[in-house]
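Colleague: Quick one, structure for this:
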Amino acid sequence: MSFATAFSDNPKIKAKETRAHFASCAKQHLERECERPTITVVQALTFLSDYHGSLGERGLAYLYFGMSCRMVRALGLCIDSRPWVESKRITPDELVVRDWQFWSTFCQDKIMSLDYGRDYDIPLPHLNVNLPEIDQRLDQQIWPGERLQPPVEPEKPQPNRATQVFYEACKLMLFGVRIMDAVYSQGRQNWRVAQRDSVSEIHLNLDTWYNNLPENLTISARSATKPLPHVIILNIAYWWLLLLLHRPFYARTVRSASNASTEIPSSFTDLSVKICDRATVKIVHLVMLFERCHGMRYFPLSMLQVVFMTGATLLVQSATLSESAVKKRADAHEGTRKCVYALQAAAQTWDCAQLSANHLQNLLQEQTAETSVQLPAHIQTQVPSAESSPVAYAHLTLPNSNGPAPYGALPVPTPTQLYREFVSQQDTFELGYTISIPSQVQHHLQYPALHQLHQQPLMGMPSGGQFVQNPHVLPLPYDPNFHEGYSMHHGNGAEYYPDRSLAQPTLDQGNP
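Modeller: Residues are numbered from 1 along each chain as shown. Modelled structure (predicted):
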């Protein structure tokens, strides 16, 4: 109740005092319930975490979710429970519930790790834990969400597909673990000695997942029904992971700052810039689609970080464009305004969203001198096509394409075609390790707040030193040598790997 009352239209019910009363009552039973835990206890601790997180009390949110993770381990949800079914200690239905709960906690653990900039707690399921089962009976039940916000025009009823979306989200979050392990400092590995071509491999795996996504889980202009909220979030998560994967390599060269976005990238850096730029556009479209179809007041609490990161990345894009790129800079600023607006709209439910909106607004003000974002009476939302790719080239065609693309867009190659075409033109060693970026980034003098955020190892995510406003909470990075591997300097002096011993690690001769 402490969590659910945030959605109420009644000011008395959603008041902080009311919510705090329910949370206090729950905590009175905490020790007794944790002494003999059940799956319900795991869920209750997660809701307590979300309650505190929604108020911006991140330290308490982190504490209670950590307790939830411990209860997952205590209940053995992270091990294969099929022998228990065979011995009739639990029923098959209980096995399904256990798997669902494990994967629910697993996914939220990874999302919180990225949001808070701290290590994750639930490891990969290495003891034959099944992916969550898709329940066709549940998925065919009609989506009831229209009762919350009746549409102006009657909508065609559609199945809710909740467990199918959950299944695909769990697969997607496994790629999130690989991204954290490969390129982020809260992962298990040292990101400067990641496996050979790990970024390109993860990118291609993400693209394979997206291309194999069932049609009813994609967002298309040809769809006859309004996209479900969890389907929109699933698509946002895909583009978010692409952004996370390439964000550490985001630094514009003279070429990427001045050339048209339709040109084929000639370096790994240019490729990452284009993919990040495309991902931000797609995320903004999808967030605005969510607002138009369902309302940002129902946007998931844990995914607010995506909106902030997208806006911050758009501001880095604007700050690193050449002076002649007036249209691209204006588009980046407009995308950031939409992110600020989305966070402000989400603040109807989540108090913490207003904190992120204010932070992003201050970053925008550095570049535009705007002191506020006017809430638009009508925001034009273009439905992104399921066939669109992270990078579009006007002079290339998509093989075996039938008919015109939605909204008159020119056919574009898939991310797989793009990446493989790029990889085939590059030296393999360059892709793996010698990513040198002759930086043209000048924004650290013009925009100090943006530069400070960009310097953090998480590259634009509201974490690290902002995790908890407490002098005893150390900021990232964990690795004291991180800034020796990456730093930004004025002019042309910045390189991604200034230490050549980091740029060219000794490879195992036995590996191909």
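Colleague: how many neighbours does residue 91 have?
Modeller: A total of 11 residues lie near residue 91 under the criterion other Cβ atoms under 10 Å. In this view, the C-beta of every residue, glycine as well, is placed from N, C-alpha and C.
Colleague: Residue 233 and residue 105: what is the separation?
Modeller: Separation of residue 233 from residue 105 (Cβ to Cβ, to the nearest Å) stands at 18 Å.
Colleague: same question, residue 131
Modeller: When distance is defined by Cβ to Cβ, residue 131 is 14 Å away from residue 105.
Colleague: Between these two, tell me which one has more neighbours.
Modeller: When residue 131 is set against residue 105 and neighbours are counted by other Cβ under 10 Å, the residue ahead is residue 105, at 24 against 14.
Colleague: for the chain, which spans come out with low pLDDT?
Modeller: Along the chain, segments meeting pLDDT under 70 span 126-127, 145-155, 185-197, 251-266, 374-445, 451-512.
Colleague: Tell me how it divides into domains.
Modeller: Described in terms of automatic domain parsing, the domain architecture of the chain consists of the residue ranges 1-128, 428-503.
Colleague: Who are the packing partners of the one helix or strand residue 17 maps to?
Modeller: Taking DSSP states H and E as the definition, one finds residue 17 inside helix 16-28. Taking 3 or more Cβ pairs under 8 Å, 6 or more residues apart in numbering; DSSP states H and E as contact, the helices and strands that helix 16-28 lies on are helix 39-54.
Colleague: all helices of the stretch 1-150 of the chain, in order?
Modeller: Counting by DSSP state H, counting those that start in this stretch, one finds helices in the stretch 1-150 of the chain at the ranges 11-14, 16-28, 30-35, 39-54, 58-74, 82-86, 92-116, 136-139.
Colleague: can you put the ones you listed in a markdown table and add distance to residue 450?
Modeller: Formatted as a markdown table, the helices of the stretch 1-150 of the chain follow (distance: least, Cβ to Cβ, whole Å):
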| stretch | distance to residue 450 |
| --- | --- |
| helix 11-14 | 34 |
| helix 16-28 | 32 |
| helix 30-35 | 42 |
| helix 39-54 | 25 |
| helix 58-74 | 22 |
| helix 82-86 | 51 |
| helix 92-116 | 20 |
| helix 136-139 | 43 |
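Colleague: These: which one's closest to residue 179?
Modeller: The stretch from the helices of the stretch 1-150 of the chain with the least distance to residue 179 (Cβ to Cβ) is helix 92-116; that distance is 8.8 Å.
Colleague: The nearest residue to residue 144 once chain neighbours are set aside: what's it in contact with?
Modeller: In space, not counting the residues next to it along the chain, residue 144 is nearest to residue 160; the distance is 7.6 Å by Cβ to Cβ, 6 or more residues apart in numbering. Shown here is residue 160, whose contacts under the criterion Cβ atoms under 8 Å, 6 or more residues apart in numbering are 138-139, 141-144, 228.
Colleague: make it 7 Å
Modeller: Neighbouring residues of residue 160 by Cβ atoms under 7 Å, 6 or more residues apart in numbering: 139, 141-143, 228.
Colleague: Which one of the residues you listed sits in the busiest neighbourhood?
Modeller: Counting by other Cβ under 10 Å, top hit in these: residue 228 with 21 neighbours.
Colleague: Apart from its chain neighbours, what residue comes closest to that one?
Modeller: Here the residue nearest residue 228, using Cβ to Cβ, 6+ apart, is residue 143, at 5.9 Å.
Colleague: Surely that neighbour touches residue 229?
Modeller: No - counting by Cβ atoms under 7 Å, residue 229 is not a contact partner of residue 143; they are 8.9 Å apart.
Colleague: tell me what the helix or strand hosting residue 288 is packed against?
Modeller: Taking DSSP H and E as the criterion, the element that holds residue 288 is helix 268-293. If you count contacts as 3 or more Cβ pairs under 7 Å, 6 or more residues apart in numbering; DSSP states H and E, helix 268-293 packs onto helix 229-246, helix 254-258, helix 304-320, helix 326-346.
Colleague: Pick the most deeply packed of the ones you listed.
Modeller: Among the helices and strands packed on helix 268-293, ranked by average contacts under mean count of other Cβ atoms under 10 Å, first place goes to helix 304-320 (a mean of 26).
Colleague: Go ahead and produce PDB holding the CA coordinates of it.
Modeller: What follows is the C-alpha trace of helix 304-320 in PDB, where atoms were taken according to Å, rounded to 0.1, in the frame of the first residue of the first chain:
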ATOM      1  CA  LEU A 304      13.300   7.100 -15.000                       C
ATOM      2  CA  GLN A 305      17.100   6.800 -15.200                       C
ATOM      3  CA  VAL A 306      16.700   6.100 -19.000                       C
ATOM      4  CA  VAL A 307      15.000   9.400 -19.500                       C
ATOM      5  CA  PHE A 308      17.600  11.300 -17.600                       C
ATOM      6  CA  MET A 309      20.500   9.600 -19.400                       C
ATOM      7  CA  THR A 310      18.900  10.200 -22.800                       C
ATOM      8  CA  GLY A 311      18.600  13.900 -22.100                       C
ATOM      9  CA  ALA A 312      22.200  14.100 -20.800                       C
ATOM     10  CA  THR A 313      23.500  12.400 -23.900                       C
ATOM     11  CA  LEU A 314      21.500  14.700 -26.100                       C
ATOM     12  CA  LEU A 315      23.200  17.700 -24.300                       C
ATOM     13  CA  VAL A 316      26.600  16.100 -24.900                       C
ATOM     14  CA  GLN A 317      25.700  15.700 -28.500                       C
ATOM     15  CA  SER A 318      24.800  19.400 -28.700                       C
ATOM     16  CA  ALA A 319      27.900  20.500 -26.900                       C
ATOM     17  CA  THR A 320      30.200  18.600 -29.300                       C
END
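Colleague: Output the contacting helices and strands for that helix.
Modeller: Right, helix 304-320 is packed against helix 229-246, helix 268-293, helix 326-346, helix 351-368, helix 443-446, helix 448-455 by 3+ Cβ pairs under 7 Å, 6+ apart.
Colleague: quick check: angle from the third one to helix 268-293?
Modeller: Between helix 326-346 and helix 268-293, the angle comes out at 40 degrees (axes from the mean of the first three to the mean of the last three Cα atoms, to 10 degrees).
Colleague: repeat for the fourth one
Modeller: Helix 351-368 runs at 130 degrees relative to helix 268-293, counting by the same axes, to 10 degrees.
Colleague: CA-only coordinates of helix 351-368 in CSV, if you can.
Modeller: Extracted in CSV, the C-alpha atoms of helix 351-368 (Å, rounded to 0.1, in the frame of the first residue of the first chain):
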residue,chain,number,x,y,z
ASP,A,351,8.8,12.7,-6.2
CYS,A,352,12.3,11.6,-7.3
ALA,A,353,11.5,12.4,-10.9
GLN,A,354,11.3,16.1,-10.1
LEU,A,355,14.9,15.9,-8.8
SER,A,356,16.1,14.4,-12.0
ALA,A,357,14.0,16.9,-14.0
ASN,A,358,15.6,19.8,-12.1
HIS,A,359,19.1,18.4,-12.7
LEU,A,360,18.5,18.0,-16.4
GLN,A,361,16.9,21.5,-16.6
ASN,A,362,20.1,23.0,-15.1
LEU,A,363,22.2,21.2,-17.6
LEU,A,364,20.0,22.5,-20.4
GLN,A,365,20.2,26.0,-19.0
GLU,A,366,23.9,26.0,-19.4
GLN,A,367,23.5,25.8,-23.1
THR,A,368,20.3,27.6,-23.8
